[in-house]
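Trainee: Structure here, sequence nowhere to be found:
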């Protein structure tokens, strides 16, 4: 079975966590609420189809807005004739009218952090995790853990998780401090499961941080694409995030719902909770005007990740870029072979650069091809490759043209039981879903989600290829056909 994805997996199903819903809200939507705003205002009951004011936030798309406001894309188009039909992402700050259909139990409208403070993107340029941790008196600077083949310091552990999941190291540090005093207390808490996740053999701070990053991504991207408009809390209470919320704040609501309930949960997601800790160490993130996802974002033209005259197999439809669950940012392709299992592909079957780019990371944990060639994985379009064999993998600093060799598919890195290459996209550090308003189009092939991760199809001019982990005839795909 080919599972081309991450270093660690955990189930993101069953019960999502949550707490008694706080039926509070902001006046239609505007700037982030002040921390002095207590109590928070409540939203009134809206008439069916009533138009409400909304200001577009970074990464907003019409399908996601329709899901959050319990309406349809067509109704949003009718209310906003200025939006072109071919629109992808909405321009941040654009005023809109949204036809709303009220749902009871909308949760807190308090916006905890902006999206640019969530992802490992441009807002983190210049931040040195190691130097920062070393400047603090807490236990994290003396922490050591063996991860992915080497011993790492506490700061290196945070950076390792941050870059793999593309979650801000500042946010991870704030969570480690809020829940475990990592930056201020000389000794770590004696309890196991530092961040509150109860999973056998995953009790140490490193693996707790891995689960935390994965959980945060499930919440962030679930809200981003409109798949997660409600979740169940720790005490079985239904939580419906406020429709005006941003992805990062919903992610933290979802995160804390796994281990807190009642007043503890309300405090954690409110002005005196995690954000107070974050501001104490890193300042007010809302003062940063970084635009994470601009309006009308388009993917550059991509070649399929192998030579155009070859036929490979689609062994993984849309699935997680790294970890488990959301985002479904990745696709898997396997070369032809007369054997199954793990091996380095034959010499003629190598993976290629899907676009011109600069290799800025090349390890067993993945290769990052930086398309704007500024040398920073946190900015612009980046294509992530996983399972490339160490032998002949393109090194850091290699400048590649479209179609040039980048490495050989294998089982190295992550978790896999069969040779293949896993590719995914990021823009400004944010994973971009393969099946979305910005489709992961390669040589004209467009991916579509299936009923579960790794399933799905790719289509081109009427031709349909169906993903299968076994590389059967109906999975064959070519860059030159049709």
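Mentor: Here it is on my side, so go on. Note that the structure is predicted; figures quoted are calculated from it, not measured.

Trainee: Show me where the stretch 201-350 of the chain has its strands.
Mentor: Taking DSSP state E, counting those that start in this stretch, the strands of the stretch 201-350 of the chain run over residues 231-232, 238-239, 311-319, 330-334.

Trainee: wait, which of these is closest to residue 87?
Mentor: strand 311-319 (21.7 Å; C-beta to C-beta). For the C-beta atoms, the positions are set from N, CA and C on the backbone; glycine is no exception.

Trainee: so what secondary structure elements neighbour the closest one?
Mentor: Helices and strands touching strand 311-319, by 3 or more C-beta pairs under 8 Å, 6 or more residues apart in numbering; DSSP states H and E, are strand 330-334, strand 446-449, strand 456-460, strand 476-478.

Trainee: I'd like those as JSON lines, with distance to residue 295, mean neighbour count and mean pLDDT appended.
Mentor: Shown next, in JSON lines, are the helices and strands packed on strand 311-319 (distance: least, C-beta to C-beta, whole Å; neighbours: other C-beta atoms under 10 Å; pLDDT from 0 to 100):
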{"stretch": "strand 330-334", "distance to residue 295": "25", "mean neighbour count": "28", "mean pLDDT": "97"}
{"stretch": "strand 446-449", "distance to residue 295": "22", "mean neighbour count": "18", "mean pLDDT": "98"}
{"stretch": "strand 456-460", "distance to residue 295": "27", "mean neighbour count": "21", "mean pLDDT": "97"}
{"stretch": "strand 476-478", "distance to residue 295": "32", "mean neighbour count": "18", "mean pLDDT": "94"}
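
Trainee: Quick check: which of the strands of the stretch 201-350 of the chain has the most neighbours on average?
Mentor: strand 330-334 (a mean of 28; mean count of other C-beta atoms under 10 Å).

Trainee: So what's the gap between that strand and the chain middle?
Mentor: With C-alpha atoms, centre = their mean, to the nearest Å as the basis, strand 330-334 stands 18 Å off its chain's centre.

Trainee: Which elements pack onto that strand?
Mentor: Using 3+ C-beta pairs under 8 Å, 6+ apart, strand 330-334 is in contact with strand 311-319, strand 421-427.

Trainee: Out of those strands, the one nearest residue 301 is which?
Mentor: Closest among the helices and strands packed on strand 330-334, once you apply C-beta to C-beta, is strand 421-427, at 13.0 Å.

Trainee: Quick check: what element follows that closest one along the chain?
Mentor: strand 430-431 (DSSP states H and E).

Trainee: residue with max distance from the center of this protein?
Mentor: residue 338 (35.7 Å; C-alpha atoms, centre = their mean).

Trainee: What residues does the closest residue to residue 456 other than its chain neighbours make contact with?
Mentor: For residue 456, the nearest residue in space outside its immediate sequence neighbours is residue 317; the separation is 2.7 Å by C-beta to C-beta, 6 or more residues apart in numbering. Applying C-beta atoms under 8 Å, 6 or more residues apart in numbering, we find residue 317 in contact with 331, 434, 447-450, 453-458, 467.

Trainee: still on that earlier bit, do you know the pLDDT at the residue farthest from the centre of the chain?
Mentor: As predicted, residue 338 sits at a pLDDT of 82.

Trainee: and if you look at residue 346?
Mentor: At residue 346, pLDDT is 85.

Trainee: Residue 415 too?
Mentor: 81.

Trainee: Looking at the helices and strands packed on strand 330-334, which is nearest to residue 96?
Mentor: Comparing these by C-beta to C-beta, strand 421-427 comes nearest, at 22.1 Å.

Trainee: partner strands of the closest one, parallel or antiparallel?
Mentor: strand 330-334 (antiparallel), strand 381-386 (antiparallel), strand 430-431 (antiparallel) (DSSP bridges).

Trainee: what inclination does it have with respect to strand 311-319?
Mentor: Angle, strand 421-427 to strand 311-319, by axes from the mean of the first three to the mean of the last three C-alpha atoms, to 10 degrees: 50 degrees.

Trainee: what distance separates strand 421-427 from the centre of its chain?
Mentor: 11 Å.

Trainee: now stretch 345-361
Mentor: Distance, centroid of stretch 345-361 to centroid of chain: 23 Å (C-alpha atoms, centre = their mean).

Trainee: hmm, which two among the contacts of residue 317 are most spread apart?
Mentor: 453 and 458 (15.3 Å).

Trainee: if we can go back for a sec, would you turn the contacts of residue 317 into TSV with distance to residue 421?
Mentor: As requested, the contacts of residue 317 are exported to TSV (distance: C-beta to C-beta, whole Å):
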residue	distance to residue 421
331	9
434	14
447	15
448	20
449	20
450	20
453	17
454	14
455	19
456	17
457	19
458	15
467	14
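
Trainee: quick one: which of those is nearest residue 234?
Mentor: residue 453 (25.1 Å).

Trainee: Excluding sequence neighbours, find me the nearest residue to that closest one.
Mentor: That would be residue 319: by C-beta to C-beta, 6+ apart, it lies 4.1 Å from residue 453.

Trainee: Domains in the chain, by residue range?
Mentor: 50-100, 115-287, 311-478 (automatic domain parsing).

Trainee: The last one spans what distance, first to last residue?
Mentor: End-to-end distance for domain 311-478: 5 Å, by C-alpha to C-alpha, to the nearest Å.

Trainee: next one: stretch 96-111
Mentor: 19 Å.

Trainee: now stretch 411-419
Mentor: Across stretch 411-419, first to last residue, C-alpha to C-alpha, it's 5 Å.

Trainee: try stretch 452-464
Mentor: Start-to-end, stretch 452-464 (C-alpha to C-alpha) is 18 Å.

Trainee: Ok, stretch 358-371 next?
Mentor: End-to-end distance (C-alpha to C-alpha), stretch 358-371: 6 Å.

Trainee: what about that stretch, average pLDDT?
Mentor: Mean predicted confidence for stretch 358-371 is 97.

Trainee: buried sites along that stretch?
Mentor: By 16 or more other C-beta atoms under 10 Å, the buried positions in stretch 358-371 come out as 358-362, 364-371.

Trainee: can you check stretch 85-94 too?
Mentor: 87, 88, 89, 90, 92.

Trainee: give the contact list for the closest residue to the last one other than its chain neighbours.
Mentor: In this case it means residue 92. Spatial nearest neighbour of residue 92, chain neighbours left out: residue 58 (4.7 Å); criterion: C-beta to C-beta, 6+ apart. For residue 58, the contact set (C-beta under 8 Å, 6+ apart) comprises 92, 114, 115, 116, 246, 291, 292, 293, 294.

Trainee: Let's see that with 10 Å instead.
Mentor: 89-93, 114-116, 224, 246-248, 290-295, 428, 430 (C-beta atoms under 10 Å, 6 or more residues apart in numbering).

Trainee: do the same with residue 84
Mentor: Counted by C-beta under 10 Å, 6+ apart, residue 84 has contacts 77, 296.

Trainee: before we move on, back to that, residue 462: which of the strands of the stretch 201-350 of the chain is closest?
Mentor: The nearest among those, by C-beta to C-beta, is strand 311-319 at 16.6 Å.

Trainee: Quickly run through the sheet partners of the closest one, with directions.
Mentor: strand 330-334 (antiparallel), strand 476-478 (antiparallel).
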